[in-house]
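My questions concern the predicted model and sequence given below.
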Amino acid sequence: MTLHATYDADNIFAKIIRGEMPSVKLYETDAVLAFMDVFPQSEGHCLAIHKTATAINLFDVDGESLAALIAAVQKVGAAVRDGLKPDGVRIAQFNGAPAGQTVYHLHFHIIPVYDGRALGGHAGGSPADAALLEKTAEKIRSAL
Ligand code: 5GP
């Protein structure tokens, strides 16, 4: 997928927004949604998206939507920090397949990093255990 593709309304995150696909939600407003990544690179890896901006990447999104989205990243990132007590928090965002993007709806990764624990690979491997994902999500929600 190039940097100049057309938004596909049937991408997986659009389906999550419409409730056609399940997700473990952390935080939601009329504008934004944060939910657990099902192929987490670490315990607590989650994603933040805008719900109405049909942007594939950072360069497609209008400033107002981006402002709402990055504010959600900050809020949920702080809850990850406080709820899970990692040693660091990586915020990541990929634009275009060559840069690592695999889902073509703009999103930010919030990835807690723990000393001595290597991060898993990006967007791969086996899905997280659903019960563990929910337990981790609850710790994050309680810190929101
Ligand atoms: P990207 O590679 O586009 O930067 O990130 C896409 C992210 O979405 C990856 O970290 C991947 O694990 C995650 N992902 C892919 N499919 C699903 C899904 O169906 N549900 C959730 N919650 N995350 C997904």
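On my side now, so go ahead. Numbers count the residues shown, from 1 in each chain.

quick one, helices of the chain?
Here the chain has its helices, by DSSP state H, at 12-18, 63-84, 130-141.

okay, these in JSON lines with distance to the ligand, mean pLDDT and mean neighbour count next?
C-betas here are computed from N, CA, C, even on glycine. Output for the helices of the chain, formatted as JSON lines (distance: least, CB to the nearest ligand atom, whole Å; pLDDT from 0 to 100; neighbours: other CB atoms under 10 Å):
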{"stretch": "helix 12-18", "distance to the ligand": "5", "mean pLDDT": "98", "mean neighbour count": "17"}
{"stretch": "helix 63-84", "distance to the ligand": "14", "mean pLDDT": "98", "mean neighbour count": "18"}
{"stretch": "helix 130-141", "distance to the ligand": "9", "mean pLDDT": "97", "mean neighbour count": "16"}
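
beta partners for the residue positioned nearest the centre of the chain?
Centroid-nearest residue in the chain, with CA atoms, centre = their mean: Leu47, separated by 0.9 Å. Counting by DSSP bridges, Leu47 is bridged to Phe35, His109.

Contact partners for it?
Each residue near Leu47 by CB atoms under 8 Å, 6 or more residues apart in numbering is listed here: Phe13, Ala34, Phe35, Met36, Asp37, His107, Phe108, His109, Ile110.
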